[in-house]
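**Student:** just coords:
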């Protein structure tokens, strides 16, 4: 069974454009490794510029396999160069009954 995840990436100063470009390759690269489903990811932006990505891993096992995958580790290093991961509950929008975000296209 798939596992939908929501992750928030806060771009490092001056790296917002690079982060958005990298996110565009994220799920296709995971798909190439056989780790995610065909579900289209959703990418959103918060009022402070944090990017939220919602995507679906193939399974809980696929998440574990990612931690052993060299291509995934390389990709994670690319993310580390342009952003930091932040907990969803630190985003001001999540305090609202209906959290609103700007779609990233």
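**Tutor:** Noted; the coordinates are in hand. Here the structure is a predicted model, which is why all the values come from computation and not from measurement. Numbering: from 1, shown residues only.
**Student:** for the host helix or strand of residue 52, the distance to its chain's centre please.
**Tutor:** Per DSSP states H and E, residue 52 falls inside strand 51-57. Once both centres are worked out by CA atoms, centre = their mean, to the nearest Å, strand 51-57 turns out to sit 5 Å from its chain's centre.
**Student:** which parts of that strand are buried?
**Tutor:** Neighbour counts over strand 51-57 (16 or more other CB atoms under 10 Å) mark 51, 52, 53, 55, 56, 57 as buried. From N, CA and C alone the C-beta is placed, and that goes for glycine too.
**Student:** ditto for stretch 58-67
**Tutor:** 58, 62, 65, 66.
**Student:** counting only helices, which of the residues you listed make the cut?
**Tutor:** 62, 65, 66 (DSSP state H).
**Student:** list the contacts of the last one.
**Tutor:** Under the criterion of CB atoms under 8 Å, 6 or more residues apart in numbering, the contact list for residue 66 reads 30, 33, 35, 57, 72.
**Student:** excluding sequence neighbours, find me the nearest residue to the third one.
**Tutor:** Beyond its immediate neighbours in the sequence, the residue positioned closest to residue 35 (CB to CB, 6 or more residues apart in numbering) is residue 62, lying 4.5 Å away.
**Student:** quick check: the one you found vs residue 89, distance?
**Tutor:** Remark: distance between residue 62 and residue 89 (CB to CB, to the nearest Å) = 25 Å.
**Student:** any chance you could map the strands in this structure?
**Tutor:** Using DSSP state E, the strands found in the chain span residues 3-11, 42-45, 51-57, 83-86, 102-103.
**Student:** name the helices or strands packed onto the fourth one?
**Tutor:** It stands for strand 83-86. Counting contacts by 3 or more CB pairs under 8 Å, 6 or more residues apart in numbering; DSSP states H and E, strand 83-86 packs against strand 3-11.
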